[in-house]
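Peer 1: Everything below, folded, please.
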Amino acid sequence: MGQREVFEFLKKHPKNWWTSKMISNEMVASVGSVTTTLNKLRKRKEVQFKMSKERTNQYLYRYKQ
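Peer 2: All right, here's what the predicted structure looks like:
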């Protein structure tokens with residue numbers, strides 16, 4: 001599981017906001033791997049992100065359109 005797979009997953013669902021845990025469950029991958037990958041994609045500005053209103057210290061991600 002790498003950046004390409006996470007990026008392609010988000011690209012297939014461009015309207016939805018996802019947590020790293022939700023993505024890891026859908027992709028059957030570890031939360032740590034997905035979180036690390038999302039951080040790298042975020043730094044490269046390839047995904048949109050925002051803080052969750054429901055939980056503190058939780059980010060939501062989606063494909064950058």
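
Peer 1: Residue 33: what's it in contact with?
Peer 2: Applying CB atoms under 8 Å, 6 or more residues apart in numbering, we find residue 33 in contact with 1, 24. C-beta: built from backbone N, CA, C; applies to glycine.

Peer 1: again, 6 Å this time
Peer 2: The contact partners of residue 33, by CB atoms under 6 Å, 6 or more residues apart in numbering, come to residue 1.

Peer 1: how far away is it from residue 2?
Peer 2: 9 Å (CB to CB, to the nearest Å).

Peer 1: And residue 45, by the same measure?
Peer 2: Residue 45 is 18 Å from residue 2, by CB to CB.

Peer 1: now swap in residue 55 and tell me
Peer 2: 27 Å.

Peer 1: could you dump stretch 18-28 to CSV, C-alpha only?
Peer 2: Below are the C-alpha coordinates for stretch 18-28, written out as CSV (Å, rounded to 0.1, in the frame of the first residue of the first chain):
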residue,chain,number,x,y,z
TRP,A,18,-12.7,10.5,4.9
THR,A,19,-10.7,10.0,8.1
SER,A,20,-7.5,7.9,7.9
LYS,A,21,-9.3,5.2,9.9
MET,A,22,-12.2,5.0,7.4
ILE,A,23,-9.7,4.8,4.5
SER,A,24,-7.7,2.1,6.2
ASN,A,25,-10.9,0.0,6.8
GLU,A,26,-11.9,0.4,3.1
MET,A,27,-8.5,-0.5,1.8
VAL,A,28,-7.7,-3.1,4.4
